[in-house]
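Trainee: The sequence isn't on hand, but the structure is:
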Ligand code: PGA
């Protein structure tokens, strides 16, 4: 059975002290609360060691928001998958639309990052999603299928089974405008079908597919109730413990 996951993506927010305080607050809030999902905090690199120390590893997985596409060496300013893993982090977000758009991460670069993340025991949360013009031109299915195929479909079945997918329509990220629950279900089912065609039904059924884009406590329940939506990747609403907890507890 696939897992439900609610993952916070802090992006470039919080100082180290603010980030540790937020992680501790979420860790406290989770005590005694029965959740129907795994909880992940994806933080800036610099916070990883301290956040790993601040939370109960049995309740919260820590992750990073990116890693390098190279193993090691003369790549000034980069942080490798091995370095991320050495902090105790378990996850890494890869292919976020902001990385694709602002840092020109191509399908090829992401393919290398995924391989290195897996080789270092990290679970990639691999983001896909269309921009508004693509949705309006009804190209969103093609765009998302291409993003998945180009970066992930050279993986063995064993490796693909370790991937978490996050569908994030770019027009919904940070805009306050979410996809409707039906729009999310439609494309999540399509993603699962695309995976099934390549890796078979069992792997497709076991792949967690998260929704992301202006998810908040007031809309998470309806979106998470859809059969092919297995949780969320949360930006803005993950920066306050109460709204993040409202999303964690939104599963019926
Ligand atoms: P948002 O961001 O929840 O602020 O829209 C989601 C994301 O980019 O992962």
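Mentor: Perfect, I can see it now. Owing to the predicted nature of the structure, the values given are computational and were not obtained by experimental measurement. Numbering: from 1, shown residues only.
Trainee: what about the closest residue to residue 33 other than its chain neighbours, how many residues close to it?
Mentor: Distances taken as CB to CB, 6 or more residues apart in numbering put residue 249 closest to residue 33, at 6.9 Å, once the chain neighbours are dropped. All C-beta atoms are positioned from the backbone trio N, CA, C, and that covers glycine. By other CB atoms under 10 Å, 18 other residues sit near residue 249.
Trainee: Please look at residue 249 and residue 34 and confirm they touch.
Mentor: No: between residue 249 and residue 34 there is no contact under CB atoms under 8 Å: 9.1 Å.
Trainee: picking up where we left off before, measure the residue nearest to residue 33 to residue 6 for me?
Mentor: Look at residue 249 and residue 6: by CB to CB, to the nearest Å, they are 9 Å apart.
Trainee: Looking at stretch 28-48 now, give me its mean pLDDT.
Mentor: The average pLDDT within stretch 28-48 is 97.
Trainee: That stretch spans what distance, first to last residue?
Mentor: 18 Å (CA to CA, to the nearest Å).
Trainee: Do any residues in it lie close to the ligand?
Mentor: No: using CB under 6 Å from any ligand atom, we find that stretch 28-48 stays clear of the ligand, coming within 8.6 Å at best.
Trainee: so how far is that stretch off the chain centroid?
Mentor: Centroid separation for stretch 28-48 versus its chain: 13 Å, with CA atoms, centre = their mean, to the nearest Å.
Trainee: One more: stretch 150-167?
Mentor: Stretch 150-167 sits 13 Å away from the centroid of its parent chain (CA atoms, centre = their mean).
Trainee: got it, and stretch 20-39?
Mentor: Its chain's C-alpha centre and that of stretch 20-39 lie 18 Å apart, by CA atoms, centre = their mean.
Trainee: So which residues make contact with that stretch?
Mentor: 3-8, 10, 14, 41, 43, 47, 50-51, 54-56, 59-61, 231, 239-242, 244-245, 248-249, 251 (CB atoms under 8 Å, 6 or more residues apart in numbering).
Trainee: Of those, grab the buried ones for ChimeraX.
Mentor: Applying 16 or more other CB atoms under 10 Å to these leaves a buried subset, and the ChimeraX line that selects it is:
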select :4,5,6,7,8,10,14,41,43,47,50,51,54,55,60,61,231,239,241,244,245,248,249,251
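Trainee: List the neighbours of the helix or strand hosting residue 124 that are in contact with it.
Mentor: Element membership of residue 124, judged by DSSP states H and E, is strand 123-128. Identification of contacts with strand 123-128 by CB under 8 Å, 6+ apart yields 7, 40, 42, 61, 63, 90-97, 110, 113-114, 117-118, 143-144, 147-148, 151-152, 162-168, 191, 210, 212, 233.
Trainee: Can you name the residues of the stretch 151-252 of the chain that neighbour the ligand?
Mentor: Contact residues (CB under 6 Å from any ligand atom) of the stretch 151-252 of the chain with the ligand: 168, 173, 174, 212, 213, 214, 215, 233, 234, 235, 236, 237.
Trainee: Count residues in the vicinity of whichever residue of the stretch 1-150 of the chain sits closest to the ligand, would you?
Mentor: Nearest to the ligand in the stretch 1-150 of the chain, going by CB to the nearest ligand atom, is residue 9, at a distance of 4.1 Å. Using other CB under 10 Å, residue 9 is surrounded by 27 other residues.
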